[in-house]
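Participant: With the input below, show me the fold.
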Amino acid sequence: MPQPHPVLADRGFYLGPLFRQAADRHGAVFVTLDRPLDVRPDLGVSLSYAVLAEVVENLSGRLWEAGVRPSEQVVVHKSDNVDIVLLTCALSRIGAVPVLLSPALAGPVVGQLVGRLRQPWLITDRAKLDGPLKGVEITVRGTLSVDDAPGAEPLEKYAGAEPPAPVRLH
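Facilitator: Residues are numbered from 1 along each chain as shown. Presented below is the predicted three-dimensional model:
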């Protein structure tokens, strides 16, 4: 049976390694953010691709340690910031299925959309839980937060967790 050409065997757009590939090609290039990352405010607003790749890998370790596993759906609904993209890449890196919901959605709409999923995780923040999601019934496997949101497990709790090997689901 013929084998696919090695160049063609890995064709595709995979979010998990996106920032690592950017770091390998342009590691010293800086990205200037409009505000610090909610997941790592200590890093400031001027970050290299190498630092962003490390953030993605670190987040994947935290998510894995929190219990997120391959093929599980994870809703990301938090205040607008570039770390939504970093969380998405970290989720993809461990084989989870990111479900991105616009930060502008009303709480009841979020509740309806989450209700259509198969027992997803939720990644959110204090602003959403104390704001639009307050009083909205949402059934999830677990709630993780990028900050100190009440009733959610902070991702910070898992700081220092080793990132697992990347998982690619087909």
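
Participant: Next, the contact list for residue 169, please.
Facilitator: 70, 71, 95 (C-beta atoms under 8 Å, 6 or more residues apart in numbering). (C-beta placed from N, C-alpha, C; glycine too.)

Participant: May I see the PyMOL selection of the buried members of those?
Facilitator: The PyMOL command for the buried members of the contacts of residue 169 (criterion: 16 or more other C-beta atoms under 10 Å) is given here:
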select buried, resi 95
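
Participant: could I get the contacts of residue 169 as CSV with distance to residue 121?
Facilitator: Shown next, in CSV, are these (distance: C-beta to C-beta, whole Å):
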residue, distance to residue 121
70, 13
71, 12
95, 13
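
Participant: For residue 105, state which of the contacts of residue 169 is nearest.
Facilitator: Taking C-beta to C-beta as the measure, residue 105 lies nearest residue 71 of the contacts of residue 169, at 24.6 Å.

Participant: wait, isn't that closest one in contact with residue 95?
Facilitator: Yes: the pair residue 71 / residue 95 is scored as a contact, 6.4 Å apart, by C-beta atoms under 8 Å.

Participant: so residue 115 touches residue 136, yeah?
Facilitator: No: with contact defined as C-beta under 8 Å, residue 115 does not reach residue 136; the gap is 10.3 Å.
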